[in-house]
Structure formats: structure tokens, C-alpha cells
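Pasting the sequence and the predicted coordinates here, then a few questions.
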Amino acid sequence: MSVAAGKLEGVNRFSPATQDWLDGAFAAPTPAQLGAWDAIAGGEHTLVVAPTGSGKTLAAFLSAIDRLSALPVPDDPMRRCRVLYISPLKALAVDVERNLRSPLAGIRQAAARLGLPAPDVTVAMRSGDTPADERRAFARRPADILITTPESLFLLLTSAAREALRGIDTVIVDEVHAVCATKRGAHLALSLERLDQLLDAPAQRVGLSATVRPVDEVATFLAGGRPVAVVQPPLTKVFDLQVVVPIEDMSALGEPIDDLSGPAAGAQRRSSIWPHVEERVLDLIEAHRSTIVFANSRRLAERLTARLNELAGERAGAATALGEKPPAELMGQSDSGHPAGDIVVARAHHGSVSREQRALVEEALKAGQLPAVVATSSLELGIDMGAVDLVVQVESPPSVASGLQRVGRAGHQVGAVSRGVLFPKFRGDLVECAVVAERMNAGAIESMRYPRNPLDVLAQQIVAMVALDTLTVDEVDEVVRRAAPFAGLPRSALEAVLDMLAGRYPSDAFAELRPRLTWDRVTGELTARGSAQRLAVTSGGTIPDRGLFGVFLAGVDGPGKRVGELDEEMVYESRVGDVFLLGSSSWRIQDITHDRVLVTHAPGEMGRMPFWKGDSPGRPIELGRALGAFLREIASADPEAAATRARAAGLDDWGTENLLAYLAEQRAATGQLPDDRTVLVERFRDELGDWRLVVHSPFGAAVNAPWALAIGARLRERYALDVASMHSDDGIVLRLPDTDAEPPAGELALFAPDEIESIVTAEVGGSALFASRFRECAARSLLLPKRDPRRRAPLWQQRQRANQLLQVARDYGEFPVVLEAMRECLQDVYDLPGLVGMMRDLAARRIRMVEVETPAASPFARSLLFGYVGMFVYEGDAPLAER
């Protein structure tokens, strides 16, 4: 495309006022914008796939704004809303609403210059934060464009306010990749079909996505299998990635550094990488205008923020008394920290910081008033963070796709280079950082798949559908099967869900469950029971209730502003008067009620670090195979070629030296590296003389966790032993008591493919994981509604109610909630198909098993033990209650 005389040649598809504004505002459109405008103008469902900073949002909106500007306002005011924009994050929705003001004002000014009537395009917001009077105003007099979230769309469709949506002809789904592979996405897919059912003609759907694979999967999800024009220009995004190791020798980490011994010496301090990481991160922050630091947990985000501010204070000569303590003790071993004092270089941003606090942090970073933000995945999506120079990632990102999203926050503008620095925390993490960086540079993201037939989501949406309209089973079936996640739904599964909702249970023991609808078997009609609509509105959505306590400022007239939220267990361990850190500030607890914690500011006081329990997403098996292939290829290369490849991936000199030394030490200890074609089984005696069996498997926790379950079941059956085991992304560790029997052998970990499937399924059924997922699925199915939606329900109370239902339902394997909880455990949490496939590969010798006995733990085994920090480290951290 050529640009001449300030005009965008060839771009003449818009009305004069829109074209005039576009010519003046941009030198040239991006390829993504050109392709999107052509496809949208043709009336096709459109999926725009492009990296962050490609102008996707403007690509989607400009055609809609131009059409709204050119067309007369409908005579019927209830049909005025013609464009619906759906964002997975409230913050992103607010961001888009703000960014729309510029083109709308610019087009009005252009119209005035050209002597044309000034268009009056109105915009409304609808989310959980929208005041009641604004909601009522939209229901009475809709705006041209409605910006909302998936949950708020569901609420609109399940209320009388749905009448304001009848004029919609365009639906824009932003960041579609962020919801596609989740139950939230399946819920949204059904809401979009319910919306189409309301309209005179189906709306045109426009999806905006970061780079995804396979594109066809996301396109099918967006339009439910209808034809979709995919706009995917060649990748032009440039990444500048570095993997930085801030110490010369990572093998010494964790070793004692105190000279003192004896009872008076106290706990030994051990060498830690954290002081070195903190210093280097602060150096980078000071060398750049605007930096986002990503951490993989909320707790780490809080701790890192506190230390960065302390260090900045020390550098400014404002060190506190505690600041004189050894930094390894502060970060590596302390559970307390200082709030941000006079020197503030960073603020924390995560899902448990209140929306208002997050908004303040975002604005301060954008305005250049705050040098850095330490965030979790809460900043991973496309919120406009202004001119961010650099992204720092502490620990390896959870996946290649996540790494690209995060580093893409830097250089967000079209054509800008995205700079990222990764800091591994131990040698095993260094290997993963190297592989992730290499694959990020190659754009080799993991594939995604939308969930098939989630029955709990189906149950909830059916209740919502019949809450306002009497429908037949055939009508429900037709609407449901248009949504991609339910396209293959068997009629028997639909009828099983309807049986459950209509109170036709397999046993009288279910009598306490109230029917949600009535099913006339003669006419096939489904009608709602009295409270169905209220139930769907108050207990709807897919984000599970984790029983978190809200944290509010204490005030004379009752609770004031929301500060954030805390894990239930942390609150139970706290007392009035305690001080804790949240969002980089110190708070003193004034009162703890049944559903909230009331606090006051405690400026300058040291506070406890909060904790939140969450589920680790684990390494995807695809990334695990790539990591294994990397190990195999590096091991077979000569030292110079291996070093060249490591440096090409972005490793600095110390990183390269540590990586190659780590692999060489492992090969010296075991004679073989685990890789994509080799499972290494290592056994050694620990300091107590007990056997440790380590199964080195790089295929990720989703494969290793169910494998550990199966091995545990075999040991229990054979030896009547309840063996302590743990798993991580890199393998399994089992501790077996010392016996006179033969030492444990690798055959303990070998299973026939069919055998392991049945063992894991049986083991999962009695696990705490299954009980937890059953509770969440039952709540989504509206079988365990909130007693009072305005009040927090204690988690123990929710568990008790769910457990009572589970005791009854467990004997009925075909009960929909049991089926869905089992599917979720085996396919979403665990990767049972991946594990079965690996057993097939072992049986066919495509993967070999190598056994070795060592005098002590090998470097990989030590790294695995060092890296294992429990099942609750990484919180799924999209901000909660996004509705």
C-alpha cells in the first residue's frame, strides 16, 4: 500500500468524515486492519489474528462506527443498540471505552470541517461495577454501542433488559483466545446463540485474537461452525529476549552460608538467588522509563514489590533498620516485608487487589508517575499500558503463548520491538527458560482446544433460557448445538441434564435437591419453576467461588472502599491488630466478620505476606516434548554448537555456562539425560536410609500427576504401603521405607495403556481433587445455589453441602455432575489422554525407560526437589467476579 499526500490510498471504503479522520490520524493502516475492513465490509463472520499492538481493536470498531455514523438512528429507540463489544476483562472494557472517545470525537470534528451533519454515536458500559441507575437507563434508552463482559451479557439475556439488545447486528469478541479454551468460553458461546435467537437475523461476529494455534479451532468456536473469514497477516512482531542469570554458579544455591554452629546459632541462612535477582531487576527498572515485572504467583508479586521498594530506599540512603539485614534472609526466608515507603518504584497488580487499586496502578504507570508494576497474569491481556519499555519475567512463563502475551506488553505500538528479560530461579528453571525463549522467538505457541460438552455450563444456561420463555426440548437442542462446544452433544446427554434439572433423580436420596424446571414429557415443553430466573442471575457464571474474604477500609459509617481479598485460611490465622501487606501497602486488621476483613492504613509498618491457594496450570505436554527434544539435541551437540544454540535462545554468558555445566553434571551422574524419547528412573538412598525413586519425565505436571497416582495405587496394592509422593513438571519423587525387599525398580512405573486409564479413573474418584471439582460443577449447575448472594458463603459450608450431595451421587456414575467433574479432572486438570499415549509409546519402544542407581540425588533430582513448592503456588489469576 502506498501513502501519498497524507492520504491512505486504496482505503476509500469509509464515509467522508471517517475517511478524513483516518487520513489525518494514521500514516498507513496495518495489514491486519486492511484485511479486517475488507472482510467486515463483506458481511462475513471475521476472526482477526495478530500480535499485540497490531491495531486489532480499531480494525473491528471503525467499520461499526462508520456505519453507525452514516445510518439514521432507528425509529424504535429499543433497537438503537446495534454494536455489542464483549471483553473478558472489565479493565479491558473500560480501556476500550476510553480509547473509543478519540475516533468518535475526531469523526465529529471531521464532519464539521466537511460541512456534514455531526454523527451522534453513543456508548454505554455494562459490568458488575456499573451503577444501578446507569443499568436502568440503558434498559430504557439503549446506546448505539454496548461494551460489556461475558457474565454481564448472560445477566442481560436473563432479564427484561434483553429487549435493549434486539437491534444488535454486530458482535465484537475481544481477546477471544483468552476464553476459547475455558468453561467461560463455552458459557459465552451459548450466550451468543441465545442472543442470535433474540434477533431478527443473526449478528455478524468479529473475533480479535492474539496469535493462536490452530486458527480453525478458534474460528469454529467464534461462529459455531459457520463460515469465517480469517485475517492473519504474516507475523511482523520482533522480540528481543534475554535470559539472565545474575550469579556465576547456580549449583551452590541452597547451601548453608553461616559459619556458626551449635544451639545458639539459630536457623542457618542459606545462599539464595533472590538478592541478586532483586538487584538486577531494580537496575533494569532504573534504566528504563516504564517496566512491567511478571511473577507466577500473587505472593511472589507482593514479596518482590516490597523488596524492590526497600532496595530503592536503601539506594537512596533511606534504609530502614530492617533493611540492614541480609537480603537473603529478607527475601529467601522471611514471611514478612515492608510496605512501599517514601521511595516507590513498584506497585503490585494481581487479581486479589481491588479493581479500584488496580486502576490507580495502571493509570500511574501509563502517566509515567510509577516506574514499574509487579503483576501476575492479571496484566497479560491487551489492556493499554502506555509506552512500556521492558517486560521482566521472574521464573519461566507458564507457556510460550503466555510468554508472548506478557513480553508483548512492551513495545505495544505498531512496529515496535518487544523487549523481555527472563530470570530463572534455579537450574531446572534455567532449562525451561531457554526452551520457552527459543520457542517464543520462533512463534511456536502451544495448541488450544475448546472444551467439549461441559454439562454444568449446559445446565446453567438451560435454566436461564427457560426462565423467561417456555421452550420445547427440540428448541433447546437446536440452540445449544449451534454453539461449537456443544455441536456434538448427544441427545442422551441433553436429556440426562434435563432429567436432573426437572428433579427426576436416580434415587430418593436426592430428594433434598429442588427441581429448577418442569418437563412435560407429552408436549416436550420446558417451563421454569418460580425461582429459576433469580437463581440463574444470582448464582450464574463459571468462575468458581473460592470462599475469599473481601478486605475493606474500616469507616465510622460502616465498611468503606474495597482494598482486595484474602484467602480464607490466611484470615483464620489472623487476629485483630495484625498487620499484612496487600497491593504494596500495609494494613492493620480492625475487625474480622463472617464475610469481610475491616482494615486501616498502617503506613511504614512491617506486615505479613499474604498467601492464596490456587491450582498450578502445569507445563503443557507440547512444551514438555519440546523441552525433552532440546535436552536430547543439546546433549548430542559438541560443546561449541551447544553454547551457540544457548546464546541464540537469549542466554547470557553465565546462563550459558550454568546450563551446559548442569547438563554435563547430570550426564556424569546418570549417564543419560531424560528427554522426549527417554524416561529416566533414578533410585538412591536418602539421609535416613530410605529409598527415593525419581521418575524424570519432562512432559509436565498434567501427565506426571496422574502417573504418580497410578504408581501409588500399585504400591498400595502390592506392598500395602501408602507411599509419600510428589510430582512436578519435571517428574515424580517417591519415598519408600527401607525394607529387606529388592530396591524399587522402573517396572513400578510401567503400565499397559488400558490399565493406567482405569487405575487413574478409579483413584481420581476418591480424591480431594474430585471432591473439589464436584463442588464447583454442582454450583455451576445451580444445584448448590448461594444461600444469600449478597453475603460470602464460608468455604467449609460449601464443602459440607457439596460433600453431602457427593455421597449420594457417587454411586450413580451417569449423574451429569459426576460425569462432568470426572471429565474436568481427567481432561482439564490432568492430561489422561497424554499419559495413555505415553504408555503406548513406552510399550512400542518409541520412548525407552532407562534405570540407574546413584549414591546420592543427581543434579536433576536435586533441582526437582528444590523446585517443588507444593500444589498451590500458581493462582489462576484473572481478576475474580468479572461480571
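Great, that's in hand.

Mind checking the pLDDT average for stretch 242-260?
The predicted model assigns stretch 242-260 a mean pLDDT of 77.

I'd say Leu673 and Arg667 touch.
Yes. Counting by Cβ atoms under 8 Å, Arg667 is a contact partner of Leu673 at 6.0 Å. Where C-beta positions appear, they are placed from N, C-alpha and C, glycine not excepted.

Between the two, which is the more surrounded one?
Leu673 (21 against 14; other Cβ atoms under 10 Å).

List the residues that contact the more buried one.
Contact analysis of Leu673 by Cβ atoms under 8 Å, 6 or more residues apart in numbering lists Leu631, Arg632, Ala635, Leu663, Gln666, Arg667, Leu680, Phe860.

now for the residues you listed, which pair is the farthest apart?
Spanning the widest gap among the contacts of Leu673 are Arg632 and Phe860, at 14.1 Å by Cβ to Cβ.

what about those two, which has more around it?
Neighbours were counted for Arg632 and for Phe860 using other Cβ under 10 Å; Phe860 has more, 27 against 16.

Settle this for me: the more buried one is touching Ser697, isn't it.
No. Using Cβ under 8 Å as the test, Phe860 is too far from Ser697 to be in contact (10.9 Å).

ok, Arg647 - contacts?
Counting by Cβ under 8 Å, 6+ apart, Arg647 has contacts Thr656.

Report the set of residues contacting both of Phe860 and Ser697.
Counting by Cβ under 8 Å, 6+ apart, the contacts common to Phe860 and Ser697 are Pro674, Asp730, Gly731.

how many neighbours does the nearest residue to Arg108 once chain neighbours are set aside have?
Leaving out its chain neighbours, the residue that sits closest to Arg108 by Cβ to Cβ, 6 or more residues apart in numbering is Ala118, at 4.9 Å. Applying other Cβ under 10 Å, we find 12 residues neighbouring Ala118.

ok, now how distant is Ala118 from Pro72?
Distance of Ala118 to Pro72, given as Cβ to Cβ, to the nearest Å: 14 Å.

quick one, phi psi at the residue located most distally from the centre of the chain?
Distance from the centre of the chain peaks at Gly115, with 49.0 Å (Cα atoms, centre = their mean). Main-chain torsions, Gly115, degrees, to the nearest 10: phi 70, psi 30.

Please report the distance of it from Thr18.
15 Å.

Show me the strands in the stretch 651-800 of the chain, by range?
Taking DSSP state E, counting those that start in this stretch as the criterion, the stretch 651-800 of the chain contains strands spanning 678-685, 691-696, 724-728, 731-736.

right, so of these, which gets closest to Thr305?
Taking the strands of the stretch 651-800 of the chain one by one with Cβ to Cβ, strand 724-728 is closest: 26.2 Å.

what packs against that closest one?
The helices and strands touching strand 724-728, judged by 3 or more Cβ pairs under 8 Å, 6 or more residues apart in numbering; DSSP states H and E, are helix 701-719, strand 731-736.

List the buried residues for the longest one?
Just to be clear, that refers to helix 701-719. 701-712, 714-715 (16 or more other Cβ atoms under 10 Å).

and the angle for it with strand 691-696?
Between helix 701-719 and strand 691-696, the angle comes out at 150 degrees (axes from the mean of the first three to the mean of the last three Cα atoms, to 10 degrees).

With the shortest one instead?
Orientation check (the same axes, to 10 degrees): strand 731-736 against strand 691-696 gives 170 degrees.

Extract the CA atoms of strand 731-736 and return them as PDB.
The C-alpha trace of strand 731-736 is given here as PDB (Å, rounded to 0.1, in the frame of the first residue of the first chain):
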ATOM      1  CA  GLY A 731       9.000 -35.700  37.200                       C
ATOM      2  CA  ILE A 732       7.800 -37.700  40.200                       C
ATOM      3  CA  VAL A 733       9.500 -38.400  43.500                       C
ATOM      4  CA  LEU A 734       8.500 -41.400  45.700                       C
ATOM      5  CA  ARG A 735       9.900 -42.200  49.200                       C
ATOM      6  CA  LEU A 736       9.800 -45.900  50.100                       C
END
